[in-house]
Each structure stands twice: as structure tokens, then as C-alpha cells.
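>>> Turn this into a structure:
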Amino acid sequence: MRADSASGYFETALPRILAHRGLAMGAPENTLLAFLHALSNGATHLETDLHATLDGVAVLSHDPDLSRLVGRDLRIDQLTYTELKRIDIGEGQNVVSLREALDAFPEASFNLDVKAGAAVLPTAQAVLAAQAAGRVLIASFSEERRQETVSLVPGVATSASAGMLLKAIPAARSGLTGMVRRILSGVDAVQVPERTRGIRIVTPRFIRTMHDAGLEVHVWTVNDSPAMHRLLDLGVDGIVTDRCDLAAVVLEERRARL
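So this is what the prediction gives:
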């Protein structure tokens, strides 16, 4: 972890269980109910995504619209937060603001994926207003969005963008720790799939090099127990999963062996 990073996000014992959009069993994804289910079933961190409403409120949603959730072609950036809150997305839940989620779970750590440029400023404002910088990690596929958000929240933890990873992965696979450290300067973690396009990313050398460079390795999205065991055997620091309940059982099984 870099020296200037807020440390609260990393205070839980390893390995970390990052609940991908909460635990969407009997609850719509990215809702307060999904997060409650996740925290009640072994999650150490809540992973979620951010878009912005027409009136500039950062809200939790993976998609820019509600078509997948409610079957209606409604764009989040074309609705005010008040209008959005009126829409039931199932189980009595609605799309919630980041500030509402941070306040609802004041002890929880959040992994925040900033999905749109319009969400950068509202995300930073919500984190600062909730005094939550110490329990948040900022992520984004876009390096520009990542940098802009991080610059507005001093000391916040952050993970590598897609552009950084494209440069760092070949170096890590070759064991070039110094090059990895330079490429990923300013970030605390890498969050990667185990494989992409048929190429294995997460290997013992990749993990070892990232650790030597001072970075955690979180792997997404892992939903079956054998894969979780395999990755934990390799030494990954975190599992991003839709099934935090299964991950919690895996950790219990592993601790019982000690």
C-alpha cells in the first residue's frame, strides 16, 4: 500500500471477500438490501458501481439505464434523483445514492467503480461528505476517471485502471518488479480476472511480483468454491464474487485446516 493512502480499507484480515454488487439473492443488485445480505453472509467489502443522475447525484448502478433491471428504457443521467427514487426495482428496493449507502453502513468498506465521467465529482463529494475516505477504494476502467476522482479525495485508496494494467501485466508475468512498481505508482491494488481472451493473468509469478511491488491482488468475478480455493492457494489477497456466502464457507474450511 502506498504511503499516502488511507488505510481503513485494508484493515480487515486477509483474504478479503468483496461482494460484487452486494449479494443479489432475494434482493436486486446494488441495493441496500443486497448489501445487508452481503454483510450478513461473510462479505468484508462491498463492491459497487457509480453513475450520476441528471441533477448530479452519484447513484449505485452498474448500467447507465434501467432496462436490465426493470425492462424500461430509462437512462439514469436523464432522470433526477427524486424521479429515480420513485422507481421500484424489486423487493421494495430502489436505486440509492452513494451517500445514502455510506451512511446506511457506516462501518463497511466500499470498492467504488466510477462508470461515467459525470459521476466523478458527485462520487468525491459523497465520500467527503460522509467522511468515508478511509474506508473506500476508487476504481475505474478509465485512467482519466480514476485520476480525477482520486485527486478530489486526498489519501483515498485506489486500484489500477485498465490502461495501467495493459502495461503492467506483461511486466508482472516476466517478474519485472521495478517496472511494475513504476507503471503502477500511486495505486494500492490490482483487480483482474483470472483469465482474459484465453490468456491466464493470475499466475504465481504475477502474484509474487505484485506483492513485491507492494500491491494487493484481487480477482474477479469468482463464483464457485473450487476456483476460490485454487486462487487462495496461489496467494491472492481478495476474491470479488457474486456469492460472498460461498466465499465465507471456503474461508471457514481453510481456517479449520490450520
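>>> for Arg72, what are its contacts?
The neighbourhood of Arg72, defined by CB atoms under 8 Å, 6 or more residues apart in numbering, consists of Leu66. The way it works is simple: take the backbone N, C-alpha and C, and place the C-beta from them, glycine included.
>>> Confirm it sits in a helix?
No: the assignment for Arg72 is coil, going by DSSP: H, G, I helix; E, B strand; the rest coil, so no helix is present there.
>>> Which pLDDT does the model give it?
Arg72 carries a pLDDT value of 91.
>>> Remind me which helix or strand Val240 belongs to.
strand 238-241 (DSSP states H and E).
>>> for the record, mean pLDDT for that strand?
Model confidence over strand 238-241 averages 98 on the pLDDT scale.
>>> Parallel or antiparallel, which strands does that strand pair with?
When pairing is defined by DSSP bridges, strand 238-241 lines up against strand 16-20 (parallel), strand 216-220 (parallel).
>>> what distance separates the first one from the middle of the whole chain?
It refers to strand 16-20. Relative to the centre of its chain, strand 16-20 is centred 8 Å away, using CA atoms, centre = their mean, to the nearest Å.
>>> What are the contacting residues of that strand?
Outside strand 16-20, the residues within contact range by CB under 8 Å, 6+ apart are 34-35, 38-39, 42-47, 111, 216, 218, 220-221, 237-242, 244, 247-248, 251.
>>> any idea which helix or strand comes after that strand?
In the C-terminal direction, the helix or strand that comes right after strand 16-20 (DSSP H and E) is helix 32-40.
>>> Would you mark the buried spots in that next one?
Taking 16 or more other CB atoms under 10 Å as the basis for neighbour counts, the residues of helix 32-40 that come out buried are Leu32, Leu33, Ala34, Phe35, Leu36, His37, Ala38, Leu39.
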